[in-house]
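In: with the sequence up front, the predicted model follows.
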Protein chains: 4
Amino acid sequence: MRAGIIGVTGYGGLELFRLLTAHPEIKEVFLYSSSKQGQLLSDEAPHLLGINENKLRSFEQLETDELDVLFCSAPSGVSSELLPPLLDRKMRVIDLAGDFRLKEADTYRKWYGKKPPNTSFVNKAVYGLSEWNKKEIKEAALIANPGCYPTAALLGILPLVKTKLINPKTLIIDAKSGLSGAGASPQKASHFTKANDSLSVYKMNKHQHIPEIEQTLKTLADTEVNITFTTHLVPMTRGIMATMYAELADDIQSHTVSEIFNESYKSKPFVRVFKENTDLFTKQVYGSNYCDLTFAIDERTNRITVVSVIDNLIKGAAGQAVQNMNIMVGLNESEGLQQSPLFP
Amino acid sequence: MRAGIIGVTGYGGLELFRLLTAHPEIKEVFLYSSSKQGQLLSDEAPHLLGINENKLRSFEQLETDELDVLFCSAPSGVSSELLPPLLDRKMRVIDLAGDFRLKEADTYRKWYGKKPPNTSFVNKAVYGLSEWNKKEIKEAALIANPGCYPTAALLGILPLVKTKLINPKTLIIDAKSGLSGAGASPQKASHFTKANDSLSVYKMNKHQHIPEIEQTLKTLADTEVNITFTTHLVPMTRGIMATMYAELADDIQSHTVSEIFNESYKSKPFVRVFKENTDLFTKQVYGSNYCDLTFAIDERTNRITVVSVIDNLIKGAAGQAVQNMNIMVGLNESEGLQQSPLFP
Amino acid sequence: MRAGIIGVTGYGGLELFRLLTAHPEIKEVFLYSSSKQGQLLSDEAPHLLGINENKLRSFEQLETDELDVLFCSAPSGVSSELLPPLLDRKMRVIDLAGDFRLKEADTYRKWYGKKPPNTSFVNKAVYGLSEWNKKEIKEAALIANPGCYPTAALLGILPLVKTKLINPKTLIIDAKSGLSGAGASPQKASHFTKANDSLSVYKMNKHQHIPEIEQTLKTLADTEVNITFTTHLVPMTRGIMATMYAELADDIQSHTVSEIFNESYKSKPFVRVFKENTDLFTKQVYGSNYCDLTFAIDERTNRITVVSVIDNLIKGAAGQAVQNMNIMVGLNESEGLQQSPLFP
Amino acid sequence: MRAGIIGVTGYGGLELFRLLTAHPEIKEVFLYSSSKQGQLLSDEAPHLLGINENKLRSFEQLETDELDVLFCSAPSGVSSELLPPLLDRKMRVIDLAGDFRLKEADTYRKWYGKKPPNTSFVNKAVYGLSEWNKKEIKEAALIANPGCYPTAALLGILPLVKTKLINPKTLIIDAKSGLSGAGASPQKASHFTKANDSLSVYKMNKHQHIPEIEQTLKTLADTEVNITFTTHLVPMTRGIMATMYAELADDIQSHTVSEIFNESYKSKPFVRVFKENTDLFTKQVYGSNYCDLTFAIDERTNRITVVSVIDNLIKGAAGQAVQNMNIMVGLNESEGLQQSPLFP
């Protein structure tokens, strides 16, 4: 297969490049850039010297290049302009931005503060939560690849919401991310001297991933709720941890929760269920496509705490995108994604 | 005044030393150690070369030294053995360990897994949450200095619990700490290569600070509840952030919450109330005795999120201890504690 | 005394503010800004909420404000425009930028790539290396405060160069700095995801501190040499370590070097000489005005290795500036600078 | 092929496991432990849950297991006891410890402070610096895999020493390492609160890698010199940077140095030569087997600065060990080692 990447110099794009060039079924990877066409990728990304020496291609070339699958890792707001014309060309398209995730135009407008994309394309887009939407993904032409926080959160709570083990109205998600989630362009909040040795909270109740999680609970678990969701920046490069709280339905015991988690993910190669009350840490999935889960039940309060960890750039972005590509083209889901976590 | 410190080579002890030697009313600081007596503090703590060149004193010397106030920063379980005999000597004692915090012997036994201290001394101990227990502290002979997490949590929620603005039964505390909270002795979890560039969750529903928070809500806010409390290790040296969630009572608006916070802390020099939905970060209090607060109200869910940040070694330990000493001896509460946060 | 700070929102400026507001002889601190006049400092620097609530003053106000001493912490190239008119007003001026450090206009032009300042003002400027130029500083109207790297390097090698214990032609300085040295404005190299968990080398043989060190060796040690000097960025906020290498003159023994170091600094409150071959670390001076030194002699190669550590924002910038002010106005050199290092 | 690993729970061992299980020619990997036999690797290393579920094998099993190649990643002093009996079994053995590196028993005794291994086995051992000793490695039964610092240093300077472009007597190596080089067992120096946000120097002129570098300059470049070598701990998990200084031989120009570097490594897949004066950073090789090089010539001093960066656990340990295995068994040198660096 031949794959293309738009936005390869961003962090999601670099990871797509890394994964796709090592993928056994991908024979060629074309890289596109509007601003840096003609340059070498290694000029921007010196760690790739000698690994890729093809020049970045222009968007004009994209119009005629024959690709089996195109990944778009441009900022939100760009792909909604760029991708629709390409969809007519029967190319499979996987968009890593938020543009095609929210089905309601008003919701998009409210949370992104931008003009929503054309409805007909939004309707075509399939939400690419690989473990829970596989059947739809298989048939899709356009994938809206999930956000990093929603991936971590939904993999942890969907089993419990679907089986009604928890009261979904009580759901609170306290999410923490490494700085790579804030992107590759230097900003005040991601300046080393601001972020190092410090933990910050941001966008309380305002993060655009809130409606994405709520919409998915509705479409995939038939549950309409508003959630409380808080985001934090942790002084680390990669990794997301979501710590999630909810009231248990009556008389739910630990073993039932364990069974539900194990059952939900027993045939899923990238979700690992750890024993109750395990001290998970984000680095245990660093550099891999895994999502690791644990939980703790507190009998004193009848609440459950669910914890999930992912590498935000892999399972939360490029890795899940490649997983979706595998599903779309009928390959083994884990093809090219079996890298072990890098520890320490 | 003459002050003594037991356990000066631990992190709490080092901060006590730093603060007390710069305190305008302390003329002399005596340092005690069981294992390192006769050595120089700067042998253990090279950053103090030339700052302290007195030898560490023995516990035998403690028996005869005349001190106005004694700070004990020994590990939990030590001070309950060490301190009772000293209390007869009319020395003011401030204990930074957990030994004298919990009033119920059974609770102590359950959460600390150790033999509880003698009841008569536990009963004498006053819980040293400076901003909320000042009157009792003034009269106390023995202070049980609050834990780091409870300090951060209680300063954030006490105003709301006391005024019944929130439903206390719905209280969930998601707490995050830097590694210095884990102490000075090398362990697997605090090994640099394990902790660096990673975030971990630990002791879910099992942390010994849970009963401390619950007991204080009862004694200081007349509210008996069980809380959900989770702790995380963040790859930073100092700092605690507590992100707290609760349902609002009916019809509570932002301005009411702001007023309650401002009213509660208007005459408190070390609690700073920030505007609603401020992006707080732990480094804004680094090296200082401040506790900074903000909150966000979510009308969609009728929940409030309260965020507090402290330097765990200062407001969460040594700083609050000195603040309590100031209160006990009738000094201005902020004497010797007015260091500005160190940023960046 | 009344002090003024230009450029208070930069990192050097923030440290000046912190030190001057705690200085016992400074009664008032005026803050100036060209771009942010009328704003509160705490809007830019939330860690100062409640600590400073005066508005930033304009440069017009500076023209009429009566100040005893003015600190200028503007970027290189700005102070050479701004300061000359003020010098006529008999105000003592301490410039933290590089503008007035280099005496030769050609050298300035070559290494800074900018137009050199007016020669007459450059000639008036005294190089503010407090420990080695105290007599001149006392008489000065304008101080060119040393760069961070030169401070660390010169305090380590001047004793050896002056006494001819080393061959100065063989001098090699391998310097490492935390990211705060790169300033407060976000750049690619100081982006958290670029800098974290990584060490970089930069500006080999091209750093503008090279001629500053060479000029000072000439003026203060009568030694004209070219040095090799390399700079690195270490993933930490503060701190500089300079590891320096030179050939020993014939027959020099450890005890002679120890004696020279101890003799040079015995009456200097901010230079601490550690035993030979001590494992120094930058955090042992974090938040303090100390420069700590050690050395190791290798008999196999007849070379000496000298290591010095400073906090780049204090001894390498704001602290030394305040030390110079103390000297200029006849105060005790260490007034307002006796903060203990903050460890951990 | 079937491979075995002794000491798999150390950091070098974990990387060996990661690389060997992904190696296309390795069908089975057996793991040995003296202290943890019978346990699962994932009990010690939770990031490997579901990746390896075989039990750790005992040393008794090692005696009868049929292996093609055995990697020993035990601490120095252990392999010299453990490996000799195995060598009779025609198993290829690659030792990652220092035991078999130094040919002179007295040198080993002096720098390691331990009893040297049996001379006959030391004589059999081939120094596994893959790029410079390939012919010997091909014929070897026992490889002494190079130390992490020597690998970084020697790859940078061997081209210049062999061609006499520098004066080797002037060679100074200033080396900096991440904390994983200090091993997996918690120690004071690698405690997070000690190491974080700080840079330290250690073992000046005393590091056991000094004689290893000197011996290799003698055996591979016929040059007998004493070097100056300093080591530092940088607050990062992985990565080594060696900054090296030497006087140039007469009349050496930049282009000559570039040519020599390019010529030396043109057919070497894992050494990348960057342009003169490139700002190298350790993360550009993170997670990969690359060694990246640059240099800068200073005409003012006639010195050259050479900079090399490696991932200490890969090119500095496990990666080079696998590379040596590939060479020994006649595979392509880069088989199983083509992972791209992980950035950010």
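Out: Perfect, thanks for sending it. Small disclaimer: the values here were computed from a predicted structure and weren't measured.
In: near chain B, which residues of the stretch 201-344 of chain A show up?
Out: Along the stretch 201-344 of chain A, the residues adjacent to chain B under the rule CB under 8 Å from any CB of the partner chain are A:201-206, A:226-228, A:230, A:232, A:234-239, A:241, A:243, A:245, A:277, A:279-283, A:286, A:294, A:296-298, A:300-301, A:303, A:305, A:307, A:344. Using the backbone N, CA and C atoms, a C-beta is placed for each residue, glycine as well.
In: which of those fall within strands?
Out: A:201-202, A:228, A:230, A:232, A:241, A:243, A:245, A:294, A:296-298, A:303, A:305, A:307 (DSSP state E).
In: ramachandran coordinates for A:Leu56?
Out: Main-chain torsions, A:Leu56, degrees, to the nearest 10: phi -70, psi 140.
In: before we move on, what about A:Ile5?
Out: According to degrees, to the nearest 10, A:Ile5 has phi -130, psi 120.
In: that one contacts A:Ser73, doesn't it?
Out: Yes. Counting by CB atoms under 8 Å, A:Ser73 is a contact partner of A:Ile5 at 6.5 Å.
In: when these two are compared, which one has more neighbours?
Out: Using other CB atoms under 10 Å in any protein chain shown as the criterion, A:Ile5 and A:Ser73 rank with A:Ile5 on top: 31 against 27.
In: quick check: bridge partners of the more buried one?
Out: Note on A:Ile5: beta-bridge partners by DSSP bridges are A:Leu31, A:Phe71.
In: quick one on the thing from earlier: mind listing the shared neighbours of A:Ile5 and A:Ser73?
Out: Contact criterion CB atoms under 8 Å, 6 or more residues apart in numbering or on different chains; residues bridging A:Ile5 and A:Ser73 by contacting each: A:Gly13, A:Leu16.
In: quick revisit: what subset of the residues of the stretch 201-344 of chain A next to chain B is buried?
Out: A:201-205, A:226-228, A:230, A:232, A:234-239, A:241, A:243, A:245, A:277, A:279-283, A:286, A:294, A:296-298, A:301, A:303, A:305, A:307, A:344 (16 or more other CB atoms under 10 Å in any protein chain shown).
In: so which bits of the stretch 101-250 of chain A are right by chain C?
Out: A:179-180, A:182, A:184, A:186-188, A:190-193, A:195-197, A:235-237.
In: what sits against A:Glu28?
Out: When contacts are counted by CB under 8 Å, 6+ apart, A:Glu28 touches A:Arg2, A:Ala3.
In: which residues touch the residue lying farthest from the centre of chain A?
Out: Most distant from the centre of chain A: A:Arg300, at 34.5 Å, with distances by CA atoms, centre = their mean. For A:Arg300, the contact set (CB under 8 Å, 6+ apart) comprises B:Asn205, B:Asn226.
In: confidence score at it?
Out: Per-residue confidence (pLDDT) for A:Arg300: 96.
In: same question for A:Val78.
Out: pLDDT for A:Val78: 86.
In: excluding chain neighbours, what is closest to it?
Out: For A:Val78, ignoring the flanking residues on the chain, the nearest one in space by CB to CB, 6 or more residues apart in numbering or on different chains is A:Ala97 at 6.9 Å.
In: can you verify that neighbour is assigned to a strand?
Out: No. Counting by DSSP: H, G, I helix; E, B strand; the rest coil, one finds A:Ala97 to be coil, located in no strand.
In: which of the helices or strands spans A:Val309?
Out: Under the criterion of DSSP states H and E, A:Val309 resides in strand A:303-310.
In: how close does the residue of the stretch 1-150 of chain A found nearest chain D get to chain B?
Out: Proximity of the stretch 1-150 of chain A to chain D (CB to the nearest CB) peaks at A:His47, 3.9 Å away. According to CB to the nearest CB, to the nearest Å, A:His47 stands 17 Å off from chain B.
In: do stretch A:335-344 and chain C meet?
Out: No. Stretch A:335-344 is not in contact with chain C by CB under 8 Å from any CB; minimum separation 10.8 Å.
In: mind checking the end-to-end distance for that stretch?
Out: The stretch stretch A:335-344 measures 25 Å between its terminal residues, going by CA to CA, to the nearest Å.
In: who touches A:Thr9 in this structure?
Out: Residues in contact with A:Thr9 (CB under 8 Å, 6+ apart) are A:Ser33, A:Lys36, A:Leu41, A:Glu44, A:Ala45, A:Ala184.
In: again, only this time at 10 Å
Out: Counting by CB atoms under 10 Å, 6 or more residues apart in numbering or on different chains, A:Thr9 makes contact with A:17, A:31, A:33, A:35-36, A:39, A:41, A:43-45, A:56, A:73, A:184.
In: cool, A:Gly178 as well?
Out: For A:Gly178, the contact set (CB under 10 Å, 6+ apart) comprises A:148, A:195, A:233-241, A:282, A:286, A:311-313, B:197-199, B:235, C:192-193, C:196, D:344.
In: which SS state does A:Phe100 fall under?
Out: coil.
In: please look at it and A:Tyr112 and confirm they touch.
Out: No. A:Phe100 lies out of contact with A:Tyr112 (CB atoms under 10 Å); the separation is 11.7 Å.
In: more neighbours, the two?
Out: For A:Phe100 versus A:Tyr112, neighbours defined as other CB under 10 Å are more numerous around A:Phe100 (29 against 18).
In: next one: the more buried one from D:Ser200, what distance?
Out: For A:Phe100, the distance to D:Ser200 (CB to CB, to the nearest Å) stands at 50 Å.
In: next: A:Asp197.
Out: A:Asp197 sits 17 Å away from D:Ser200, going by CB to CB.
In: check A:Glu214 too.
Out: In terms of CB to CB, A:Glu214 sits 49 Å off from D:Ser200.
In: kindly report the same for A:Phe30.
Out: Relative to D:Ser200, A:Phe30 is positioned 47 Å away (CB to CB).
In: do A:Phe17 as well
Out: Applying CB to CB to A:Phe17 and D:Ser200 gives a distance of 36 Å.
In: who has more neighbours out of those two?
Out: More neighbours surround A:Phe17 than the other of A:Phe17 and D:Ser200, with 25 against 21 (other CB under 10 Å).
In: was I right to think A:Gly4 contacts A:Phe71?
Out: Yes. With contacts counted by CB under 10 Å, A:Gly4 reaches A:Phe71, the gap being 6.9 Å.
In: now do the shared contacts for those two.
Out: What both A:Gly4 and A:Phe71 touch, as defined by CB under 10 Å, 6+ apart, is the set A:Leu16, A:Leu20, A:Val29, A:Tyr32, A:Val93.
In: that older thread, what about the residue nearest to A:Val78, neighbour count?
Out: 23.
In: who are the contact partners of it?
Out: So A:Ala97 contacts A:7, A:12, A:72-80, A:82-83, A:112, A:144-145, A:147 (CB under 10 Å, 6+ apart).
In: what about burial for these, which qualify?
Out: Buried, going by 16+ other CB under 10 Å: A:7, A:12, A:72-74, A:76, A:78-80, A:82-83, A:112, A:144-145, A:147, out of the contacts of A:Ala97.
In: narrow those to those in helices?
Out: Members of the buried ones among the contacts of A:Ala97 lying in helices (criterion: DSSP state H): A:Gly12, A:Ser79, A:Ser80, A:Leu82, A:Tyr112.
In: could you dump those residues into TSV with distance to D:Gln339 added?
Out: Formatted as TSV, these follow (distance: CB to CB, whole Å):
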residue	distance to D:Gln339
A:Gly12	19
A:Ser79	29
A:Ser80	35
A:Leu82	31
A:Tyr112	36
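In: go through the residues you listed and name the one nearest chain B.
Out: Distances from chain B to those, taken by CB to the nearest CB, are shortest for A:Tyr112, at 17.0 Å.
In: the residue of the stretch 1-150 of chain A closest to chain D and D:Phe343 touch, don't they?
Out: Yes. Between A:His47 and D:Phe343 there is a contact at 4.6 Å, judged by CB under 10 Å.
In: mutual contacts of the two, please.
Out: When CB under 10 Å, 6+ apart defines a contact, the residues bordering A:His47 and D:Phe343 alike are A:Leu14, A:Arg18, D:Phe281, D:Lys283, D:Gln284, D:Val285, D:Tyr286, D:Gly287, D:Ser288.
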